[in-house]
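Undergrad: next comes the sequence, and after it the predicted model I'd like to discuss.
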Amino acid sequence: MENQIESSTNNQLIALVTGANQGVGFQIAKELAANGYIVYVGSRNLSNGEKAAAEIGTNAHAIQLDVTQQATISSAVERIEKEAGRLDLLVNNAGISHAGKPGRTVEEVMESGRAVNVSLDEVRTVWETNVFGVIAVTQAALPLLRKSSAARIVNVSSGLGSLTWVSDPECWAREHFGIVYAASKTALNAVTLAFALELEKENIKVNATSPGYTATALNNFQGTDSLEVGSREPVRVALETDGSTGGFTGPDGPLPW
């Protein structure tokens, strides 16, 4: 595999997508591979990643990556460096909506995430993946991104993270804003902007994008949009090699912070 990747990296762009074995991450990886990228399919469980990569095709390679475990982040980056020598695109997609019992409805999850009764342990667990994991993976990947002539970082966020939108009395999602998931996406947006400002002088683009309300395991498949629709904006931003930096967009265009 190493020789195969090395021989084709001269004209093929290299991408790493975290949490890419299912949902929006899988769809993003699939679309990138269809656009000629060599895609590393990050998955906590390697066999799930291997199944996803096999389904995507020859341009996809499974890589074991748990964004909450520094050792797996380090070994994933080392492998990409050895096989590809650089990274052109990092998509921080891995995310969890709650840390409670699986299979709960969105309403049940929302109820347990209210500010007045939320479990700090659940907050810590979700933020470990959605916020700290993004910082850890981005920092680890930077040496490889710096070797690209058009490096980009795309953080998969959520419209729920928009304080401007949620604080509007007319916003339909106000009741969905909680400390566990929604506030983790607000923090992710802040992390995105911090990296964007820091890396602008190195010409590394960093943007946050919301897939919209997509039907995935994240919301117990209660979302209203298909994976194809949900991945459209993240894919558009990811493929835009000459785009802007420090933005926050969704399916309908720019979103307010």
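TA: Structure received. Numbering: from 1, shown residues only.
Undergrad: pLDDT score for the spatially most central residue of the chain?
TA: Centre of the chain computed as the mean C-alpha position; nearest residue by C-alpha atoms, centre = their mean is Asn93, 1.5 Å away. If you check Asn93, the pLDDT there is 96.
Undergrad: gap between it and Leu32?
TA: Separation of Asn93 from Leu32 (C-beta to C-beta, to the nearest Å): 11 Å. Just so you know, the C-beta spots here come from the backbone N, C-alpha and C atoms, and that holds for glycine as well.
Undergrad: which residues do these two both contact?
TA: When contacts are counted by C-beta atoms under 8 Å, 6 or more residues apart in numbering, Asn93 and Leu32 have Val17 as shared neighbours.
Undergrad: now the nearest residue to the residue nearest to the centre of the chain once chain neighbours are set aside, what are its backbone angles?
TA: Nearest non-adjacent residue to Asn93, counting by C-beta to C-beta, 6 or more residues apart in numbering: Gly25, 3.9 Å away. Note on Gly25: its backbone torsions stand at phi -60, psi -40 [degrees, to the nearest 10].
Undergrad: which positions in stretch 58-69 come out as buried?
TA: Using 16 or more other C-beta atoms under 10 Å as the test for burial, stretch 58-69 gives 59-67.
Undergrad: Gln64 is in contact with Val41, correct?
TA: No - at 10.1 Å, Val41 does not count as touching Gln64 under the criterion of C-beta atoms under 8 Å.
Undergrad: can you pull the residues that touch both of the two?
TA: Both Val41 and Gln64 are in contact with Gly49, where contact means C-beta under 8 Å, 6+ apart.
Undergrad: which residues of the stretch 101-250 of the chain fall in strands?
TA: Secondary structure of the stretch 101-250 of the chain (DSSP state E, counting those that start in this stretch): strands located at 152-156, 205-209, 248-250.
Undergrad: out of these, nearest to Phe132?
TA: Of all the strands of the stretch 101-250 of the chain, strand 152-156 sits nearest to Phe132, with 13.0 Å by C-beta to C-beta.
Undergrad: can you list contacts of the closest one?
TA: Residues outside strand 152-156 that contact it (C-beta under 8 Å, 6+ apart): 24-25, 28, 88-93, 95, 134, 138, 141, 145, 188, 191-192, 195, 199, 204-211, 234, 237-238, 240-241, 243.
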